[in-house]
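[1] missing the sequence, but the structure's below:
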C-alpha cells in the first residue's frame, strides 16, 4: 500500500524576532511533538530584496553601490537561513527545505505556496498599527488575501508590565 504524500507547510522568515518566533512556535506545535512523523513537509523561505529595490535605484552613482548592497543582502540571507537551520536543529527537526528567493516578500511567499503546493503558509506578525501597516504594507495581510492556501499568522505575545 502506498503511503500518502505529506501536506506541505511553508514558513516565511525575515531578519526579525517576530519571524523567528513564528518559526519556533510552528516547530513546537507541528513538528517537535512528532519526531520523524510530523504531519507536514517543512519548507522555510526567506525573501531577499533585490539590490535595486534596497537602494531605491535613484540618481547617479547608484550602480556603483549595487555590488556592495548585493554582498550585504547575501550575508543577511545567509545569516537568516543559518539561524533558521539552528532553530530547526535545536528542535530535532532535520527534514526541512531552506530556500532564499529574490523578490518582494509578498510575492515570494505566494509563489512559494504555488511552487510547493503548500496547504498552509505561516508568517509572523510585526504587530504594526494600521497607519504603519498602510504605509509599509503588510506581508501577512497580503498573503492572507492572495495565497491559495490557509494562512496562519503567528503573533508574539506582548509582555505585560
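    Nice, thanks for sending it over. Bear in mind the structure is a predicted one, so any value in this text is a computation, not a measurement.
[2] ok, and the closest non-adjacent residue to residue 125?
    What sits nearest to residue 125 in space, not counting adjacent residues and going by C-beta to C-beta, 6 or more residues apart in numbering, is residue 155, at 4.4 Å. C-beta coordinates here come from the backbone N, C-alpha and C atoms, glycine included.
[3] remind me which residues of this protein are low pLDDT?
    Applying pLDDT under 70 to the chain flags residues 1-4, 54-62, 127-137, 161.
[4] can you pull the buried residues of the longest helix anywhere in it?
    The helix that spans the most residues within the chain, counting by DSSP state H, is helix 62-90. Under the neighbour-count criterion of 16 or more other C-beta atoms under 10 Å, helix 62-90 has 69, 70, 73, 76, 77, 80, 81, 83, 84, 87, 88 buried.
[5] next one: stretch 31-44
    By neighbour count with 16+ other C-beta under 10 Å, stretch 31-44 contains the buried residues 31, 32, 38, 40, 41, 42, 43, 44.
[6] Kindly check the end-to-end length of that stretch for me.
    Across stretch 31-44, the terminal residues are separated by 13 Å (C-alpha to C-alpha, to the nearest Å).
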